[in-house]
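Visitor: what follows is a predicted structure for the sequence shown.
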Amino acid sequence: MRIAMIATPFIRMPPIGYGGTELFCYELAEELDTRGHDVTVFTTGDSVTSCRKRALYHRPVWPPAAADELNHAAWALAEVARGDFDVVHLNSPLGVALAGFLRVPIVHTMHHHREESYSRIFASHQGIYHVAISRRQLELEVPLARARVIHHGLSPRRYPPSQRDEGYLAHIGRYCEEKGTHLALDIARLAEKPIHLGGRVHPQDRVFFDEHIAPRLDLPGVIDHGEVDHEQKVRLLSGARAIVCPLLWEEPFGLVAVEAMLCGTPVIGFARGSFPEIVDEGVTGFLVPPDDVDALVRLATSPALAHFDRAACARRARDRFSTSVMTTAYEAVYRRAVTGGKVARARVA
């Protein structure tokens, strides 16, 4: 199958540090290429991929701006219109607005939480095959005629299972209110556990970071590594007793949770967003009612966490969240898009 994979212009593939959408695009494109598909990736010029690569921007444009995203998507779709493709895989909500100008069937993965302006675009383009990354994300979205759920997957070989438990907690990702970074620091302090952080601040989160997160970084037992690359992230996850995810928003997926599980490290957090469907209670982690910080503190010091079966966690993560499982599900959606077939509304791959 001839596939046009349209990524973002904001972060290279694969991302060196932060970049969930770009990591997803990289993993899927590489596996599709391995399976013999003819994949062209529309990404940044500094991206590294086995697939054919096209780029409008030679370097990533940051911080993300709607004008750059729209410019990138419009250019890529114009290139597709001049080419010979069977299907387009779009990873930009703004690109959906241009779908009417293209005769090639489009599959669109929704990577973000619901935004009304995007939802209006989706509602006006019901011919597109939408993929939600969790059931919860799809539940919160406008009704879509052609939609299904496919969870993200990663290459297990890049996340070796670890039996190490060095006793510290970990929190990795964007430092911000909705990810609960400040709460993760409070939980570690109250549980009297050291905590390792890896991540960075985005411009829109700077005020909250300065007021609520930065002062907590000076507390005893807090080790801030800043933005980490893949190798650093795997080392942090492999030695952690647990990754702490006290989410304060409807997280559409949470790729770092799967990265932790693949390493054998359990997830502890609030039962919010996608987490109730991606965390297998007692096997890959433990969830508590939303906003119950005291319950997470108790969990961080519990015998269940101290004697956690890391090998079983890694096995379950491989069964549910491998690149292979994800790619097989996307191949089915591509075939339906090409043939005009129906897609089940909320089936999980």
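Guide: Received, thanks.
Visitor: residue ranges in this protein under the pLDDT threshold?
Guide: 341-349 (pLDDT under 70).
Visitor: mind jotting down where the strands sit in it?
Guide: Ranges of strands within the chain are 2-6, 38-43, 52-55, 87-90, 106-110, 129-132, 147-149, 168-174, 195-200, 222-224, 240-245, 267-270, 285-288, based on DSSP state E.
Visitor: could you pull up the residues touching Phe275?
Guide: Applying C-beta atoms under 8 Å, 6 or more residues apart in numbering to Phe275 gives the contacts 245, 247, 251, 254, 257, 267, 269, 287. (Each C-beta comes from the backbone N, C-alpha and C, glycine too.)
Visitor: can you tell me how far the first one sits from Phe321?
Guide: The spacing between Cys245 and Phe321, counted by C-beta to C-beta, to the nearest Å, is 15 Å.
Visitor: these two: who's more crowded?
Guide: Shown here are Cys245 and Phe321; by other C-beta atoms under 10 Å, Cys245 has more neighbours (29 against 23).
Visitor: any idea how many residues pack against the residue nearest to that one when sequence neighbours are not counted?
Guide: Once flanking residues are discounted, Cys245 sits nearest to Gly269: 3.4 Å by C-beta to C-beta, 6 or more residues apart in numbering. Neighbours of Gly269 under the rule other C-beta under 10 Å: 28.
Visitor: so Gly269 sits right up against Leu248, yeah?
Guide: No: between Gly269 and Leu248 there is no contact under C-beta atoms under 8 Å: 10.5 Å.
Visitor: give me the common contacts of these two.
Guide: With C-beta under 8 Å, 6+ apart, Gly269 and Leu248 have common neighbours Gly180.
Visitor: can you give me the helices in the stretch 51-200 of the chain?
Guide: Per DSSP state H, counting those that start in this stretch, the stretch 51-200 of the chain carries helices over the ranges 66-82, 93-96, 116-123, 135-140, 181-191.
Visitor: among those helices, which is nearest Val325?
Guide: Across the helices of the stretch 51-200 of the chain, Val325 has its closest neighbour in helix 135-140 (16.2 Å, C-beta to C-beta).
Visitor: helices and strands around the closest one, which ones?
Guide: Secondary-structure packing of helix 135-140 (3 or more C-beta pairs under 8 Å, 6 or more residues apart in numbering; DSSP states H and E): strand 147-149, helix 275-278.
Visitor: starting at the chain centroid, how far to the longest one?
Guide: Helix 275-278 has its average C-alpha position 13 Å from the chain's average C-alpha position, going by C-alpha atoms, centre = their mean, to the nearest Å.
Visitor: burial measure for the residue nearest to Ala317 when sequence neighbours are not counted, as a count.
Guide: Closest residue to Ala317 apart from its sequence neighbours, by C-beta to C-beta, 6+ apart: Met261 at 3.6 Å. Neighbours of Met261 under the rule other C-beta under 10 Å: 31.
Visitor: need the winner for burial among the helices and strands packed on helix 135-140.
Guide: The highest mean neighbour count among the helices and strands packed on helix 135-140, using mean count of other C-beta atoms under 10 Å, belongs to strand 147-149: a mean of 23.
Visitor: that one - contacts with which helices or strands?
Guide: Where contact means 3+ C-beta pairs under 8 Å, 6+ apart, strand 147-149 is packed against strand 129-132, helix 135-140.
Visitor: for the last one, which outside residues touch it?
Guide: Contacts with helix 135-140, where a contact means C-beta under 8 Å, 6+ apart, come from 110, 113-114, 132, 144, 147, 149, 250, 252-253, 273-274, 276-277, 345-346, 348.
Visitor: run the last query once more with 6 Å
Guide: Helix 135-140 is contacted by residues 114, 132, 149, 252, 273-274, 277, 346 when judged by C-beta atoms under 6 Å, 6 or more residues apart in numbering.
Visitor: the residues you listed: which two are farthest apart?
Guide: Arg114 and Glu277 (16.8 Å).
Visitor: minimum distance to Pro15: which of the helices and strands packed on helix 135-140 has it?
Guide: Judging those by C-beta to C-beta, what sits closest to Pro15 is helix 275-278, at 20.4 Å.
Visitor: which residues touch Pro46?
Guide: Just to correct that, residue 46 is Asp rather than Pro. Contacts of Asp46 by C-beta under 6 Å, 6+ apart are 12, 59.
Visitor: show me the domain layout of this structure.
Guide: 2-155+322-339, 157-320 (automatic domain parsing).
Visitor: still on that earlier bit, looking at the contacts of Phe275, spot the one nearest Tyr118.
Guide: Closest to Tyr118, out of all of those and judged by C-beta to C-beta, is Glu251, at 16.8 Å.
Visitor: touching, that closest one and Gly273? I think so.
Guide: Yes: shown here, Glu251 and Gly273 form a contact pair, counting by C-beta atoms under 6 Å, at 3.3 Å.
Visitor: for the nearest residue to Phe270 once chain neighbours are set aside, grab phi and psi.
Guide: For Phe270, ignoring the flanking residues on the chain, the nearest one in space by C-beta to C-beta, 6+ apart is Pro290 at 4.5 Å. Pro290 adopts backbone torsions of phi -50, psi 140, taken as degrees, to the nearest 10.
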